[in-house]
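J.: I'd like to go over a predicted model; first the sequence, then the structure.
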There are 2 protein chains.
Amino acid sequence: MKKLFCLVCLSLGIAAAAQNSRYVDPFIGTSGMGHTFPGACYPFGAIQLSPDTDTIPHNIAGKYQPRAYDYCAGYRYDDPTIVGFSHRHLSGTGHSDLGDILLMPVTGQPKLHPGTAQDPDKGYRSRFTHDGEEASPGYYAVTLSDYGIRARLTCTPRVGVHEYSYPEDEVQNVVLDLGHGIYNYDGKVLWSTLRVENDTLITGFRLTNGWSRTNYTYFAVSFSKPILEYGYQDRKDNPYRGFWRRFDMSRNFPDMAGRDMAAWFSFAPGEPLTVKVAISAVDALGALKNLSAEGCGSFDEIAMHTRRAWDAHLDRFRAEGSDGQKRMFYTSLYHTLINPSVYMDVDGQYRGIDGNIHRADGFTNYTVFSLWDTYRAEHPFLGLFFPSENADMIRSMVEHSHQSPLGMLPVWSLMGSEGWCMSGYHAVPVLADAIVKGTYNDDGQALEAMVKTSRVGLYDGLDEYMSLGYVPYDKRATAASTTLEYAYDDWTISAAAAALGREDIAKDYSRRAFNYRNVFDTKIGFARPRYADGSFKTPFDVSQTFGEGFIEGNSWNFSFHVPHDVNGLIALMGGEKVFRTRLEDLFAMDLDPKYYEENEDIEKECLIGGYVHGNEPSHHIPYLFAWTTRPWMTQYWTREIMNRMYRPEREGLGGNDDCGQMSAWYIFTAMGFYPVCPGTDQYVLGAPYLPEISVKLPNGNTLTIRAPKVSDRNRYVRSLKINGIQIKRAYVTQAEILAGGLWEYEMSASPNKALKPEKPFSMSK
Amino acid sequence: MKKLFCLVCLSLGIAAAAQNSRYVDPFIGTSGMGHTFPGACYPFGAIQLSPDTDTIPHNIAGKYQPRAYDYCAGYRYDDPTIVGFSHRHLSGTGHSDLGDILLMPVTGQPKLHPGTAQDPDKGYRSRFTHDGEEASPGYYAVTLSDYGIRARLTCTPRVGVHEYSYPEDEVQNVVLDLGHGIYNYDGKVLWSTLRVENDTLITGFRLTNGWSRTNYTYFAVSFSKPILEYGYQDRKDNPYRGFWRRFDMSRNFPDMAGRDMAAWFSFAPGEPLTVKVAISAVDALGALKNLSAEGCGSFDEIAMHTRRAWDAHLDRFRAEGSDGQKRMFYTSLYHTLINPSVYMDVDGQYRGIDGNIHRADGFTNYTVFSLWDTYRAEHPFLGLFFPSENADMIRSMVEHSHQSPLGMLPVWSLMGSEGWCMSGYHAVPVLADAIVKGTYNDDGQALEAMVKTSRVGLYDGLDEYMSLGYVPYDKRATAASTTLEYAYDDWTISAAAAALGREDIAKDYSRRAFNYRNVFDTKIGFARPRYADGSFKTPFDVSQTFGEGFIEGNSWNFSFHVPHDVNGLIALMGGEKVFRTRLEDLFAMDLDPKYYEENEDIEKECLIGGYVHGNEPSHHIPYLFAWTTRPWMTQYWTREIMNRMYRPEREGLGGNDDCGQMSAWYIFTAMGFYPVCPGTDQYVLGAPYLPEISVKLPNGNTLTIRAPKVSDRNRYVRSLKINGIQIKRAYVTQAEILAGGLWEYEMSASPNKALKPEKPFSMSK
């Protein structure tokens, strides 16, 4: 196993050449709204080893803590202290969990409490500055000022590697805080155990009840030098503990456990201490297998291997542009390749959502499916450029449905648990998109799971949706948006069924796909929540995000959420002119601050008129001009969004990256096309953002997109030639992209109004 | 698998004839001090399915609750209500845990709180009376007055079977309380999950942190009719729960979890509901395997099979005597066969104390090793009459040592955890006894584990014991008794090593065996705790149990704890006369009530002079007369203890049964011999208690012990002939017992003072 990993790394090394890792800046998004983390990770790896600067729970003593939202990824660039380095982080989410297995190197008598940012000296945390702080793919380094310790981090898919250089002559201590976690409410850590197996190896386990309802983390930790002494403290008491106090179990006793436990380990002064931490959701033996399979080599060897693995992914793309543009492009690419994450040991064993141990037969099992976000662009992106990984993700979702007592595909899968976060059943469009595009070879199980999922009556208003044709507002607070989402998801089932020759299913779900009409109030031309008796909610404010029947979006934005039947939507709204004007107004309006001031999700600088790029329901909207008489408006507004919502700065992201969804939008848009309606094989054309992008496609072909004169001024497309042939469509197809070759764009400072491109797919003609 | 179990039962059935089950009264010990439970269990089975009448934790809001001690087995005969029926119970312990997976049948709207004994109507618990309450091996039945429900319980080794007969026309409800437990302090239940797999099958898991530090209980529940409706409540809140409230998960949602969860299930009125509950410590699949392997058959078929299994064990013995004597004899026998308990799935998988899953290769894995108690008589008893089970228990202990990060044999093994309860390393004498007697075939691993265990310096004063020759009182509150225990344990290592030809080890440990002398104050003739500087504790009270350096015994009793060198002890005390007088005084003294009034472990009626039979350190003492000039005093006092400490009544046990130790003492003493010094092949002779006992030995021989004239008056032995040959020894050997045949006792009302029997083994001559 050991050999295998090194060989893999070697072969990746051979492929590396451009070394686009150098353009990636993991700090982008670590301030402001991005919720990204700067630490070390591996493409789609199980480990995200990163510093936590604080971990505020949502509720402290029953009171809502507004800053909790900031700490979804554990790290805030502006914070003055680091609590320690923990092994798992979500990339860009809007809610929090993980922060599992925290290590912190310290000198002096180890304190077994973290202390506070205000008074770090009370605990083991340390002040730090950004001098000498470094982050790049698979690598992070920082100096902990209070201890004079230089900490460097890297990782393999399943092993986090720490290198701590202590001041000379100082005894080297490490704190392992098993009570630490992100969004760490009292009681989140259910249990933890720790065993000292020998003087360089410890194993352990912890179980948490967080956003991941039942999260098993087994681990194995290997130290590069012998433990001299160790000890622990359980910060929660236990009436049985008397037995365990019969002799001193707080020091050098190799069998530790507790509900809120921190341990310390001492090592001899001198050369740096290297610590390798393997994790598993299966058992400690699984962690040990992962450690021995992937933990070979020195810190620098592993860091180099992992950087090469990143380069092997990033170098598939070659982007030209300014330094800032390249940093933003490759950082976005990097962010698309973190989640979903491997959730499986090297031997193929993984913990299913039934809590049982399964063996992945012929695929890699993944978790972290933020599907409400990622069905839009992240999965289409992976399906196009990393289809093998995407197919395994889909296979993981199908297996999830087999393990689900409801037979459901994941809604928000997190560490072997179903989190039920957000709305819809958006695994369905992910599967449908891959089936339609031929990147997932369904033996019928996927379609069956899709159908089954869409018929689970007890799920989120689905019973009423099936009987009434919409989710009634008396039943659900987000009834209108959920209906829109179900209708689209249903259309994708019909598309997949058609592709698989199941006309019966296709017909059935084509009908359901029109359900979006049932929450559309043609009198006002907006989607509007409706009660079970058929009446619409009154009063009703189309600009209000909260309490008006929508989720993460107001009716203004969400009314456009009919990607599968834009023509039908246009008709409902009152014709092309109304529709187009509505689109134009959305970007141009002056939104009353009362609509976003109280919303932790939206800041003023993240708005373009009433368009909120940070909230995913808007993502396809700028491309809807393709169905109007002014398709060039897409070219205008997408560049505007790129410039304003994606700045290569720490606070440069205009919203949560949401497990790569925001970044996948960026990459697509930079290439000039976007999957407005996953489940078709079409990508709606915008305009290229950079003068040249070249991508090595998974079939071996290379696609080069050239727009030599593109600039903020020359943002309009005069013409596009694909391999010499002029394109008169507002879309390209999967086949055209995969055919590769040369796309030549002529750009200009004014739109080509003469071009009347063929409109993209719509159910209604 | 299914077939296998039924065949096993069938073959057991063939062997059954005497049906001694009918003499067993599981209510004996359920009041007073016995701490036994009345519910259904299988010989050495994993399930003890029994009613819990209350489950008081030791601490409520930080205050010690004296009645907690009463509820070690969950049931008190005098209680007015039953909370429900849970699946695992300890038999006769003095500390509490388990009570796992509680079911309660109810009618009407199910309440999801237990309510209180004072106000049962507030919760799901029910009043009950003893009218119609029945208990016999493998069977329990009771009528729940509040609901008019008749509940019957039986079990297989790994499956609990409930049959609930509801009033006609009533909807049949069952409450499953995963928050219930014995000694259920707030936080003991760490986590629980529950899945409805289909309309007759549920699976689940709970993790507790009790006396068993990390106790995994997976379960699978099969209902005899379809679930109509169900629901649950988690009585502890969680800040993430908002997600789970997005749609109603409290009813008919098949994926439940929580830190303090109770669920209810409804079934159609009509025929009785049968519920089969299989448990596993491995995973839910393990529970399902156990269910399908053992869960076949109707309630009555399973109850009959299990009764036959009990008869197959109990019928090995045939005892004559009064009805009360027979009830006491067979109930004692029954109590010796409950713990240790199987801790392994039908496929051989089990959870080790390292938390990992292991496969038992060629043995059955056991847990519940209350070794401080059971090394004395319970394990010698099992080794003599059930050697195959005892050998597997020993093998389980050896595997435990391999899984222990200290390499230690169990101290108090409970459900895959080391409980560190009590003192000494008394797995060692259990192993030694079986090695010396040839009932465990050691390949060297057992001896290695014994030696390793005795050298774990950080364990309970062992470092100091090894350097000073005693545990110093400045280090440990029970320094004197622990030293006495270590010295004896060490002697058994030397005996086992000698038997295995390891003279080097034997010599080493022979030296350590004399360490008992180091805590003996020859000035006062008593064992006495000593400080590290060599001085004795002053002041010192030989009658005080607490705070004087001993555990569960005062110096008066504990000073006799030198079973391996009684002659040496006699010399230390000042010669035979002093020693004998001391023994006589112990039984005859009038102990000042101040010495036991505050002790929850001792009640006045459990005292014979200063002798406390309920505390194990005394158990061998009545047999020590064999080393004196008045061996017949053993004959007098053992009968006295039998009569007074073992009455066939609910409150008839003179102390905690302690996992069969008290009962094994009874059986041995009833047969007229006792293993004063496990590790020798000798049993010290007392006097037979019954006119005839016959036992079918594991080698096929039959031993019949006849004392036709025995009575309280004729309690003295005039002569013993073994197969016609007069015995002039104060002991018999393992070989003599196993040879079987006829032992003929002549009894009389006065001792045979002329007989000067050869004294039993002692290190010093």
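T.: Received it, and whenever you're ready, just let me know what you need. Residues are numbered from 1 along each chain as shown, chains lettered A, B, ... in the order given.
J.: Give me the distance between the two termini of stretch A:314-333.
T.: Terminal residues of stretch A:314-333 lie 7 Å apart, using Cα to Cα, to the nearest Å.
J.: any idea how far the residue of chain A most remote from its centre is from A:L447?
T.: Here chain A reaches farthest from its C-alpha mean at A:R246, the gap being 48.3 Å by Cα atoms, centre = their mean. Distance, A:R246 to A:L447, using Cβ to Cβ, to the nearest Å: 61 Å. (C-beta placed from N, C-alpha, C; glycine too.)
J.: So A:L176 lies in a strand, does it not?
T.: Yes. Counting by DSSP: H, G, I helix; E, B strand; the rest coil, A:L176 is found in a strand.
J.: From what I see, it and A:A263 are in contact.
T.: Yes. With contacts counted by Cβ atoms under 8 Å, A:L176 reaches A:A263, the gap being 4.7 Å.
J.: so where does the residue lying closest to A:A434 once chain neighbours are set aside fall, helix or strand?
T.: Residue nearest to A:A434 in three dimensions, not counting chain neighbours: A:Y440, with 3.6 Å by Cβ to Cβ, 6 or more residues apart in numbering or on different chains. In the assignment (DSSP states H and E), A:Y440 maps to no helix and no strand.
J.: Next: A:G92.
T.: Counting by DSSP H and E, A:G92 is found in no helix or strand.
J.: and it, what are its phi and psi?
T.: phi 90, psi 10 (degrees, to the nearest 10).
J.: ok, A:V456 - contacts?
T.: Contact partners of A:V456, counting by Cβ atoms under 8 Å, 6 or more residues apart in numbering or on different chains, are A:406-408, A:462.
J.: sorry, back to before: need phi/psi at the residue nearest to A:A434.
T.: Backbone torsions for A:Y440, taken as degrees, to the nearest 10, come to phi -130, psi 120.
J.: So what's the residue count around it?
T.: Other residues within reach of A:Y440 by the criterion other Cβ atoms under 10 Å in any protein chain shown amount to 23.
J.: Considering only helices and strands, which part of chain A has the lowest mean pLDDT?
T.: Scoring the helices and strands of chain A by mean pLDDT, DSSP states H and E places helix A:2-15 at the bottom, with a mean of 44.
J.: Give me the residues contacting the helix or strand following that one.
T.: Once the chain leaves helix A:2-15, the next helix or strand it forms, by DSSP H and E, is strand A:40-41. Outside strand A:40-41, the residues within contact range by Cβ under 8 Å, 6+ apart are A:47-50, A:137-140, A:153-155, A:160-161, A:303, A:306, A:338.
J.: Can you tell me which of those is nearest chain B?
T.: Closest approach between those and chain B, by Cβ to the nearest Cβ: A:Q48, at 20.2 Å.
J.: list the contacts for that closest one?
T.: By Cβ under 8 Å, 6+ apart, the contact set of A:Q48 is A:37, A:39-41, A:87-91, A:98, A:155, A:338, A:341.
J.: And A:F267, by the same measure?
T.: By Cβ under 8 Å, 6+ apart, the residues touching A:F267 are A:171-174, A:223, A:225-228, A:273.
J.: Make a ChimeraX selection of whichever of these turn out to be buried.
T.: Per 16 or more other Cβ atoms under 10 Å in any protein chain shown, the buried members of the contacts of A:F267 correspond to this ChimeraX selection:
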select /A:171,172,173,174,223,227,273
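J.: Nearest to chain B among the contacts of A:F267?
T.: For the contacts of A:F267, the nearest to chain B is A:I227 (12.7 Å; Cβ to the nearest Cβ).
J.: Around chain B, which positions in the stretch 101-250 of chain A sit nearby?
T.: The interface of the stretch 101-250 of chain A toward chain B, taken as Cβ under 8 Å from any Cβ of the partner chain, is made up of A:183, A:185, A:187, A:190-191, A:193, A:195-197, A:205, A:207, A:209-211, A:213-214, A:236, A:238-240, A:243-244, A:246-248.
J.: typo on my end, it should be the stretch 451-600 of chain A
T.: Where the stretch 451-600 of chain A comes near chain B, counting by Cβ under 8 Å from any Cβ, the residues are A:458-461, A:476.
J.: Mind putting those into CSV with neighbour count, distance to B:G568 and secondary structure?
T.: Formatted as CSV, these follow (neighbours: other Cβ atoms under 10 Å in any protein chain shown; distance: Cβ to Cβ, whole Å; DSSP: H, G, I helix; E, B strand; the rest coil):
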residue, neighbour count, distance to B:G568, secondary structure
A:L458, 15, 75, coil
A:Y459, 20, 77, coil
A:D460, 25, 78, coil
A:G461, 24, 82, coil
A:R476, 22, 82, coil
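J.: The stretch 151-300 of chain A: strands as residue ranges?
T.: Assigned by DSSP state E, counting those that start in this stretch, the stretch 151-300 of chain A shows strands spanning A:159-165, A:172-177, A:189-198, A:201-208, A:215-223, A:229-234, A:255-258, A:261-267, A:273-280.
J.: If you could redo that for the stretch 401-550 of chain A, that was the one I meant.
T.: Here the stretch 401-550 of chain A has its strands, by DSSP E, counting those that start in this stretch, at A:412-414, A:417-418, A:520-521, A:526-527.
J.: now those as CSV including mean pLDDT?
T.: Below are these laid out as CSV (pLDDT from 0 to 100):
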stretch, mean pLDDT
strand A:412-414, 95
strand A:417-418, 94
strand A:520-521, 98
strand A:526-527, 98
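J.: closest to A:T545 out of the ones you listed?
T.: Of all the strands of the stretch 401-550 of chain A, it is strand A:526-527 that lies closest to A:T545, at 13.4 Å by Cβ to Cβ.
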